[in-house]
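Give me coordinates for this.
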Amino acid sequence: MTRKTITLSLTVDEALVLADAAAKMAASDRASELLDQAELQCLFTLESALERNLPPVLAQRYEHDLKAAKERLRHL
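Here you go, the predicted structure:
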């Protein structure tokens, strides 16, 4: 079976915020209650793809960079 793929275009800010949200959702204690196995797998795939394509984020700057990205996106 051939798997069809899609390509998404996101800004770095959008990718950073979405990767963080996906990580929070996947790590949630309720993730397995709220999402079925296929949805969880898709969430992990999305999170992984976002992280692979984001520029390196230094651990000590992560929260600062994430907060700044969220602020910029709120004001679009």
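
What lies in contact with stretch 22-31?
Defining contact as Cβ atoms under 8 Å, 6 or more residues apart in numbering, one finds that stretch 22-31 is touched by 34-35, 40, 43-44, 46-47, 50. Heads up, the C-betas are built off the backbone N, CA and C, glycines and all.

If we use 6 Å, what do you get?
Here stretch 22-31 makes contact (Cβ atoms under 6 Å, 6 or more residues apart in numbering) with 43, 46-47.

Distance to Tyr62 for the residues you listed - can I get that in TSV?
Output for the contacts of stretch 22-31, formatted as TSV (distance: Cβ to Cβ, whole Å):
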residue	distance to Tyr62
Leu43	20
Leu46	19
Glu47	15
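
Closest one of these to Ile6?
Leu46 (11.6 Å; Cβ to Cβ).

For Val57, give me the pLDDT.
Looking at Val57, its pLDDT reads 72.

circling back: the contacts of stretch 22-31 in helices, which ones?
Per DSSP state H, helices hold the following members of the contacts of stretch 22-31: 43, 46-47.

For the residues you listed, which single residue is the most surrounded?
Tallying neighbours with other Cβ atoms under 10 Å puts Glu47 at the head of those, with 20 neighbours.

neighbours around the nearest residue to that residue once chain neighbours are set aside, how many?
Leaving aside its sequence neighbours, Glu47 sits nearest to Ala22 (Cβ to Cβ, 6 or more residues apart in numbering; 3.9 Å). Close neighbours of Ala22, defined as other Cβ under 10 Å, add up to 20.

just the one 3 residues further on next, same as before
Residues lying near Met25 (other Cβ under 10 Å) number 17.

Would you state the helices of the protein in chain order?
Assigned by DSSP H, the chain shows helices spanning 12-27, 31-34, 37-53, 62-74.

any idea which of those is most buried?
Mean neighbour count (mean count of other Cβ atoms under 10 Å) peaks for helix 12-27 among these, with a mean of 16.
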